[in-house]
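> no sequence for this one, just the structure:
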Ligand code: B12
Ligand code: SF4
């Protein structure tokens, strides 16, 4: 739990020596509580106070990051149970699992397809984050070869799956210099797994059926020198997983319970049915998973899951938006139409993508509607005749086109009268309601 | 190490709303459906039992909805031409209850008449014994004109009528009151607006246990995060004891998801969107499941495969784990 400024002050030397750059210890304590300075700026803190303070200043859910070849996947550092309380920060990493029993060619093809997958959503390129390789062959050389096959097709971070330390050792040798996740440690193998994790700077997932056991294990593994731990409470159905994930998140945030203050890993595909896998994955995304290992890859499931992850992890205080501006789509000239929309990203991209796809050149004027959709902005008074007129004038649209004519979204047809008054020498046309109908509207009506 | 499980204990609980009436209660339904009653966040079985499972309502129309995605029209086939046949098919597909959404105009382009609406509702009630929600076309005048005679003609069936909105709720509420029905109250994604409308409806004299609220949602990719968070906040407020939020929630993921380009179109879309049908079903299913996680008591769906998947998932969520 975060300490208050006063609680921190009590642990400082209280000499007001100013070596930290602040006039008093209290001033420094306040800054420290607000996480605006580092404890190390005060050279005089006693050792035991230092230990207490740095313990308290650690985030309730530890940040764990997997790295490989310039790619990084981060999980943890979350501070709330519900996104509306602040925001969810680190999107759960999506991984695809392959098994070393598959032929190398098949592994490579599967990985190459998933690795190259990139879908655009509101101007963002969304991809999977990495791959999980599971040793089922029982043969260390086969496992290493499978990892090599994966590495031929992808540079993204890896999760190495086996409970046999000999397998994991072989796997780690195959990805020397990376920071993968080892999955994982259980009551039987934790000592050897912890040694391997430490030696190779890998993170370590611990697996246990009960929270009691899970907490015992993380404490042992931590004692053995591993800091970057990931939890698998081994729930493979929805209700059990919801209960355990919620309990773990609550213990970390509300009770500052260190032994379970780590990110979670989920395996939604373990049931084997790809249709239920995506349903389980929804649940992992909304309810607290830090890493998600899928067993199936298809564009039609990856796309909605990636979008859901974007949606749940947006800042609830700040809609995703684009810069108000005049966007030139398909290099428009002076005879091409002028279209007006708002600066909510989803709105802008639904319009821009339609026009771009149709090949029709157009000027797309984006007004500052404080990041709201057409109707929301209209209802909130952020997309009215006055604002639209001001935008048209401030971007000097009249200088760019021969014909003074603008098209407004069909949903705000009611604005056309007022707009005619605001822009007397412009022709106001009401476009279709949905962006999808814009190209044919432009071709047939304009 | 013995880990003490942190359990929330809440002062408030969600009201139970009963939809549909059996012959014993003056209706003709084969059974009633109870929704709500929770006194924990969704599916926290380790705190308190979840009294009633979230239900799936399948949306059907009084006449073939030509503007629906071709995938939906294909899968329902000829049933989509006839509300009674459609109702039966929806029941086969696993619907817990039905939503009949009336269309603004009849096939000939003229406005749907009250007698046509009543006829469609009666046909559905005769064809399927599931509890029923009837929604107007969504325009104030038409809603009032169609829903009042529907309410009268089905007195005692304990339908839910909607959608009541801030500018248009009085007539619908009065009709529900006079004929022993419930209402669905819709507000645009805002906790205070939802409360306010519940107060207005309650002030007219309709008991709170006959109101279901629809806080509105967006589809996946089109504003679902707003709907998701408003529902979480409404449910938290209800558990904290705010009486005017203690109503079960209904949302329409089917309507929202099938409006999106991702579900509607199979051509001229990016290749990275993948197979059309599976993508569309995922769009609806994922939208619905996200809302079930945030506290939906009724999800209104359109595709039979989405119904199957969501039903299975709700069953999983309702299973009480043995050891936690
Ligand atoms: C998400 C949402 C919100 C979010 C905001 C999201 C955002 N950043 O804008 C929140 C929850 C904050 C919100 C708030 C409000 N909302 Co709101 N909201 C919605 C919702 C669910 C989806 C909006 C959306 O994102 N649509 C997707 C985008 C892409 O649509 P779009 O911008 O219209 O763009 C499409 C077309 O217009 C067209 N298009 C766009 N530009 C152009 C340009 C041209 C030239 C052409 C031809 C076409 C075109 O193409 C796009 C794709 O087809 C809708 C209901 C619904 N399901 O549609 C209600 C809705 C828009 N909201 C509504 C209202 C009333 C409000 C509030 C006033 C109420 C309140 N809650 O207090 C507030 C206002 C905001 C404020 N005071 O701060 C009403 C508006 C009613 C009306 N008809 O006036 C709606 C319709 C809900 C309803 N049924 O009552 N809302
Ligand atoms: S350096 Fe340390 S002891 Fe000196 S004023 Fe700052 S906080 Fe106080």
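Arrived safely, thanks for sending. Please read all numbers here as calculations on a predicted model, not as lab measurements. Numbers count the residues shown, from 1 in each chain, chains lettered A, B, ... in the order given. Ligands and ions are numbered 1, 2, ... in the order given.
> got any ranges where chain A has weak pLDDT?
A:1-2 (pLDDT under 70).
> Longest helix in it, please.
In chain A, with assignment by DSSP state H, the single longest helix is helix A:238-254.
> how much space between the residue of the stretch 151-300 of chain B found nearest chain A and ligand 1?
Across the stretch 151-300 of chain B, no residue is closer to chain A than residue B:274, which sits at 3.0 Å (C-beta to the nearest C-beta). All C-beta spots, glycine's among them, are computed from the backbone N, C-alpha and C. Distance check for residue B:274 against ligand 1: by C-beta to the nearest ligand atom, to the nearest Å, it reads 21 Å.
> Tell me, how many residues neighbour residue 273?
All of this is about chain A. Residue A:273 has 15 neighbouring residues, counting by other C-beta atoms under 10 Å in any protein chain shown.
> The chain in question should be chain B.
With other C-beta under 10 Å as criterion, residue B:273 counts 20.
> can you check residue A:266 too?
26.
> what's the answer for residue A:103, then?
10.
> same thing with residue B:301?
31.
> Same check on residue A:141?
10.
> which residues touch it?
Residues near residue A:141 by C-beta atoms under 8 Å, 6 or more residues apart in numbering or on different chains: residue A:170.
> what separates the least confident helix or strand in chain B by mean pLDDT from the chain centre, distance-wise?
Lowest on mean pLDDT, DSSP states H and E among the helices and strands of chain B sits helix B:261-264, with a mean of 94. How far helix B:261-264 lies from its chain's middle: 21 Å, per C-alpha atoms, centre = their mean, to the nearest Å.
> Is chain A within reach of that helix?
Yes - with C-beta under 8 Å from any C-beta of the partner chain as the criterion, chain A is reached by helix B:261-264 at B:261-262, B:264.
> Does ligand 1 have contacts with the next helix or strand after that helix?
As assigned by DSSP states H and E, the chain's next helix or strand after helix B:261-264 is helix B:276-293. No - judged by C-beta under 6 Å from any ligand atom, helix B:276-293 and ligand 1 are separated, with a smallest distance of 11.3 Å.
> what do you get for stretch A:432-445?
Yes - using C-beta under 6 Å from any ligand atom, we find that stretch A:432-445 touches ligand 1 at A:432, A:434-435, A:438.
> follow-up on the earlier one: tabulate the residues of helix B:261-264 next to chain A in JSON lines, adding columns for distance to residue B:320 and neighbour count.
Output for the residues of helix B:261-264 next to chain A, formatted as JSON lines (distance: C-beta to C-beta, whole Å; neighbours: other C-beta atoms under 10 Å in any protein chain shown):
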{"residue": "B:261", "distance to residue B:320": "40", "neighbour count": "18"}
{"residue": "B:262", "distance to residue B:320": "35", "neighbour count": "26"}
{"residue": "B:264", "distance to residue B:320": "39", "neighbour count": "21"}
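> got CSV for these, with distance to residue A:281 too?
Shown next, in CSV, are the residues of helix B:261-264 next to chain A (distance: C-beta to C-beta, whole Å):
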residue, distance to residue A:281
B:261, 22
B:262, 17
B:264, 24
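> Looking at those, spot the one nearest residue A:206.
For the residues of helix B:261-264 next to chain A, the residue nearest residue A:206 by C-beta to C-beta is residue B:262; the value is 38.4 Å.
> what's the closest non-adjacent residue to the closest one?
Distances taken as C-beta to C-beta, 6 or more residues apart in numbering or on different chains put residue B:283 closest to residue B:262, at 5.1 Å, once the chain neighbours are dropped.
> mind checking how far residue A:99 is from residue A:132?
Distance of residue A:99 to residue A:132, computed by C-beta to C-beta, to the nearest Å: 9 Å.
> For those two, work out which one has more neighbours and name it.
Neighbours per residue (other C-beta under 10 Å) separate residue A:99 from residue A:132, with residue A:132 holding more: 24 against 17.
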